[in-house]
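S.K.: Return atomic coordinates for the entry below.
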Amino acid sequence: MKRKLLLILFLGASLMANSQNVSVENSQFGVQAIIISIYAQYEKKLTNLVTLRGEIGLEPGITAESDVDSRRLFLSPVLNLESRWYYNLNKRLKKSKRIDLNSGNFVSLRTSYHPGWFAISRSNIPINVISDIVINPYWGIRRNLGKKFNYEVGAGVAFVSRLEEFSSRSIKNNFFIADLHLRIGYTF
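M.R.: Sure, this is the predicted structure:
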């Protein structure tokens, strides 16, 4: 009876120890892209389930010309700072699913700054990019494809606040937008 009790206590303690060791990666650096956007990112562990992620990237935009034929697509820089809570790592581990490279579901609060420094376009006509700040709570998943590749899918609602007045009356300076993203990445 004593042996069975000791065995049960030992197994229980080892299960509890394993569940407490579930954690995100200490730090990771990678790149992510989708069609015409690209980001370099660094993610740092704050607690076992929370990370802080910084990104610098190029995101697409479109000029706000009144004439549809004169609108142009461009890329401009963005700086993102994001906190992520990976809430289902224990559940994934219990189901023998991967949690390496922060593979799991997460809830995030991302703050983006579009500084308006420059715009990359196929057109020779200069583009004036209006700087703004975007605050975006969203839900997402991150999964691994092999050892180093990953993908992320996320959805949320973002609040955009332009830091400069925009001359057109049809464009508001503060507004909400839906944010859907799909990214494919590589972790170094």
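S.K.: contacts and neighbour counts: CA atoms only from here.
M.R.: Fine.
S.K.: can you pull out the helices in this protein?
M.R.: 2-20, 89-94 (DSSP state H).
S.K.: Mind telling me which of those the model trusts least?
M.R.: Ranked by mean pLDDT, the helices of the chain bottom out at helix 2-20, with a mean of 51.
S.K.: How about the contacts made by the closest residue to Ser23 other than its chain neighbours?
M.R.: Nearest non-adjacent residue to Ser23, counting by Cα to Cα, 6 or more residues apart in numbering: Asn48, 4.3 Å away. Contacts for Asn48 (Cα atoms under 8 Å, 6 or more residues apart in numbering) come out as 22-24.
S.K.: which among these gets closest to Ile38?
M.R.: Distance to Ile38, by Cα to Cα, is smallest for Val24 among the contacts of Asn48, at 23.7 Å.
S.K.: follow-up on the earlier one: turn the contacts of Asn48 into TSV, including distance to His114.
M.R.: Output for the contacts of Asn48, formatted as TSV (distance: Cα to Cα, whole Å):
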residue	distance to His114
Val22	35
Ser23	32
Val24	29
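S.K.: Now stretch 97-108: buried residues?
M.R.: 99, 101-108 (16 or more other Cα atoms under 10 Å).
S.K.: could you give the mean pLDDT of that stretch?
M.R.: Average pLDDT, stretch 97-108: 95.
S.K.: Dump that stretch to CSV, keeping only the CA atoms.
M.R.: The C-alpha atoms that make up stretch 97-108 are tabulated as CSV, following Å, rounded to 0.1, in the frame of the first residue of the first chain:
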residue,chain,number,x,y,z
LYS,A,97,1.0,18.9,-30.1
ARG,A,98,4.0,21.1,-30.8
ILE,A,99,4.6,24.2,-28.7
ASP,A,100,8.2,24.9,-29.8
LEU,A,101,8.8,28.3,-31.5
ASN,A,102,5.7,29.6,-29.7
SER,A,103,3.3,27.4,-31.6
GLY,A,104,-0.1,28.0,-30.1
ASN,A,105,-3.1,30.3,-29.9
PHE,A,106,-2.7,33.8,-28.5
VAL,A,107,-4.4,37.0,-27.6
SER,A,108,-2.5,40.1,-28.5
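S.K.: Report the distance from it to the chain centre.
M.R.: On the basis of Cα atoms, centre = their mean, to the nearest Å, stretch 97-108 sits 12 Å off its chain's mean C-alpha point.
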